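*Asks:* give me coordinates for this.
(chains A and B)
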Amino acid sequence: MAEALPELATVPWRQPTDARWLRRWGRIWHAWTLLYTIPFIAAAVGMFLLDPLATPVALAALAHAWIIPELYAFRGASVVRPKTRGVAVAQAAGGARCAATHFQGEQVAQGLLGDLLGHDERELQRRTGLALERGELGIWLVGQGGALLVTPERRRVHCFCVGASDPELPPSDRIAHLLLALRSDEVGFATVANHAFAGAAWRVRRRLPLPMRPALDAARRAAE
Amino acid sequence: MDRTGHTTLAQWTAEDDAAFADAVREFGEQQALGYIGTVPDGPGKATHVRELPRDADMVILRRPIAGG
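*Replies:* Reported below is the predicted structural model:
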């Protein structure tokens, strides 16, 4: 049996984030989304039926029903957004490849990360900045400061905020750190990480930076 | 793995006891600094190690991870 992740000692109070835990939290997030969406929709319909003059207020209520879930999805997608301005600029300019010129050691780190990945995963990581990893819990997309997990039923994405403890590491090294921890102990990795959001894949996809969206598409295909 | 991308700390062969002893000492020093030893075991697999395995092709030292 593989040894547990040493970092689990820092979060002894947490239950293991296994498949059962993920299903339960997926259902809780789904119920929570309905709970704060349905009242706004009901209020909008009610106001419109009571008095058509209240249509602007009804529209505002509908807007709330749309915007609040979008804000949660934005929070979830943000776990894989580059955390430093340098990376953000580089990725906006055309993907992870551009980041190599902005960080000392990134070229070297990219080489090591490439060695850890298969051919297709390496290409995907260089285009999108996210490393695709097949696990027992589903398909992972590992970024510099977080990871997305597409569960096998393909409809739901779990977003985890997690990172290496040294903030000065080059971006590819940060991904390699997470990848090695994930490969050592998948449930331990998910337990150490902070669960930020669970929701529909299409909702998370809309809130991802444009260059990262093909990675989520690839993960959804791989989860089929 | 460090801020320069990565640094080779030690190299050894299974037959070279002196080189392996140097590598074990270096491994221990890095562990004392908080690094964690990991052996990549092919696609999708890695093993956390507390002692330097003599027969491993490569041992990567990484920093601990934490929820953000």
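
*Asks:* every contact and neighbour count from this point should use C-alpha atoms.
*Replies:* Will do.

*Asks:* would you map the strands across the chain?
*Replies:* Using chain A here. Applying DSSP state E to chain A gives strands spanning A:131-134, A:139-142, A:146-150, A:156-164, A:194-200.

*Asks:* actually it's chain B I care about, not the one you picked
*Replies:* Using DSSP E, strands in chain B cover B:36-40, B:46-49, B:60-62, B:65-67.

*Asks:* check these for me and report the most buried one.
*Replies:* strand B:60-62 (a mean of 23; mean count of other C-alpha atoms under 10 Å in any protein chain shown).

*Asks:* quick check: which helices or strands does it pack against?
*Replies:* strand B:36-40 (3 or more C-alpha pairs under 8 Å, 6 or more residues apart in numbering or on different chains; DSSP states H and E).

*Asks:* now with 10 Å, please.
*Replies:* When contacts are defined as 3 or more C-alpha pairs under 10 Å, 6 or more residues apart in numbering or on different chains; DSSP states H and E, strand B:60-62 packs onto helix A:171-184, helix B:17-32, strand B:36-40, strand B:46-49.

*Asks:* please identify the most buried of the strands of chain A.
*Replies:* strand A:146-150 (a mean of 30).

*Asks:* ok, that strand: who's next to it in the sheet?
*Replies:* Its sheet considered, strand A:146-150 pairs with strand A:139-142 (antiparallel), strand A:156-164 (antiparallel) by DSSP bridges.

*Asks:* any low-confidence regions in the chain?
*Replies:* You didn't say which chain, so I picked chain A. A:1-2, A:83-102, A:154 (pLDDT under 70).

*Asks:* how about the helices in it?
*Replies:* Counting by DSSP state H, chain A has helices at residues A:19-50, A:55-77, A:85-92, A:96-99, A:106-116, A:119-128, A:171-184, A:186-192, A:201-207, A:213-222.

*Asks:* looking at the helices and strands packed on strand B:60-62, which is buried most?
*Replies:* Among the helices and strands packed on strand B:60-62, ranked by average contacts under mean count of other C-alpha under 10 Å, first place goes to helix A:171-184 (a mean of 27).

*Asks:* residue A:81 versus residue A:74, what's the distance?
*Replies:* Going from residue A:74 to residue A:81 by C-alpha to C-alpha, to the nearest Å gives 10 Å.

*Asks:* could you do residue A:184 as well?
*Replies:* 24 Å.

*Asks:* residue A:51 is nearest to which of the strands paired with strand A:146-150?
*Replies:* strand A:156-164 (38.5 Å; C-alpha to C-alpha).
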